[in-house]
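J.: The sequence and its predicted three-dimensional model are supplied below.
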Amino acid sequence: MLGGTGVSDQTARFHQGQYPVLLTAQAIQARIRELGQQLSADYAGKCPVFIGVLNGSFMFMSDLMKEITIDCEVDFIKISSYGEAMKTSGVVKVKKDIDCHIEGRHTVIVEDIIDSGLSVTYLNNKLREIKPASLKFVSLLVKDGGKQVDYHCDYVGFHIPTRFVVGFGLDYAQKFRNLPAVYMMD
């Protein structure tokens, strides 16, 4: 149990229930280290721009950047397709655009989770119009079976079942992002 939060390595007690762990904090950190090493090797000498997709990617982005050993820049974009529901609305909206210039730059989009693929497809189309030197995607989680559109994720932390998950930046109605592991709510 961690500091009275109702969180253990196996379950978490929140939102009037107890939920099983899908990924422990230790497993997440180990995989982030591996992703950081791979990205650092792949982008050595290129000074890429890492763009975190808010709000969900903030914990993953923060920990991933600590593992990047090359020169890079960091920016954020905020989009939404969920609102307060447990499934996507199907409409992607930009709430905060990027501030950096990515034309001619190697660009890596950092996502918390890819579910339907709508957000990734939207970002791919929107950012390719700016003509970056390259555009790649890294996601902590990719849901197997949730795909509504065809997409490609270049770097995947974990493939997970099509379940609603919270923790480590992922939320339900803007809550539970602070949990250190990933838990299944349904």
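T.: That came through, no problem.
J.: buried sites along the longest helix along the chain?
T.: Across the chain, the longest stretch assigned as helix under DSSP state H is helix 25-42. Residues of helix 25-42 classed as buried: 25, 27-28, 32, 35-36, 39, 42 (neighbour count, 16 or more other C-beta atoms under 10 Å). Heads up, the C-betas are built off the backbone N, CA and C, glycines and all.
J.: so what secondary structure elements neighbour it?
T.: Applying 3 or more C-beta pairs under 8 Å, 6 or more residues apart in numbering; DSSP states H and E, one finds that helix 25-42 makes contact with helix 58-67, strand 134-143, strand 155-160.
J.: quick one: N124 and Y151 touch, right?
T.: Yes: assessed by C-beta atoms under 8 Å, N124 is found in contact with Y151 at 7.2 Å.
J.: Can you measure across stretch 93-109, start residue to end residue?
T.: 17 Å (C-alpha to C-alpha, to the nearest Å).
J.: Can you list the buried residues in it?
T.: So, applying 16+ other C-beta under 10 Å, buried residues of stretch 93-109: 98, 102, 105-109.
J.: Same list (these) but as CSV, adding secondary structure and pLDDT.
T.: Formatted as CSV, these follow (DSSP: H, G, I helix; E, B strand; the rest coil; pLDDT from 0 to 100):
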residue, secondary structure, pLDDT
I98, coil, 97
I102, coil, 98
R105, coil, 98
H106, strand, 99
T107, strand, 99
V108, strand, 99
I109, strand, 98
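J.: Spell out the secondary structure type for E103.
T.: coil (DSSP: H, G, I helix; E, B strand; the rest coil).
J.: Give me the residue ranges of the protein where confidence is low.
T.: Scanning the chain for pLDDT under 70 picks out 1-16, 82-89, 146-148.
J.: Apply 50 and report the result again.
T.: The chain contains residues with pLDDT under 50 at 1-8.
J.: ok, back up a step: can you tell me which of the buried residues of stretch 93-109 is closest to V21?
T.: Closest approach to V21 among these (C-beta to C-beta): I109, at 27.0 Å.
J.: circling back to that earlier point, point out the most buried one among the helices and strands packed on helix 25-42.
T.: strand 134-143 (a mean of 21; mean count of other C-beta atoms under 10 Å).
J.: between that strand and helix 25-42, how big is the angle?
T.: Orientation check (axes from the mean of the first three to the mean of the last three C-alpha atoms, to 10 degrees): strand 134-143 against helix 25-42 gives 160 degrees.
J.: Tell me the strands beside strand 134-143, with direction?
T.: strand 106-114 (parallel), strand 155-160 (parallel) (DSSP bridges).
J.: how about these, which one is nearest K136?
T.: K136 lies closest, by C-beta to C-beta, to one member of the strands paired with strand 134-143: strand 106-114, at 5.1 Å.
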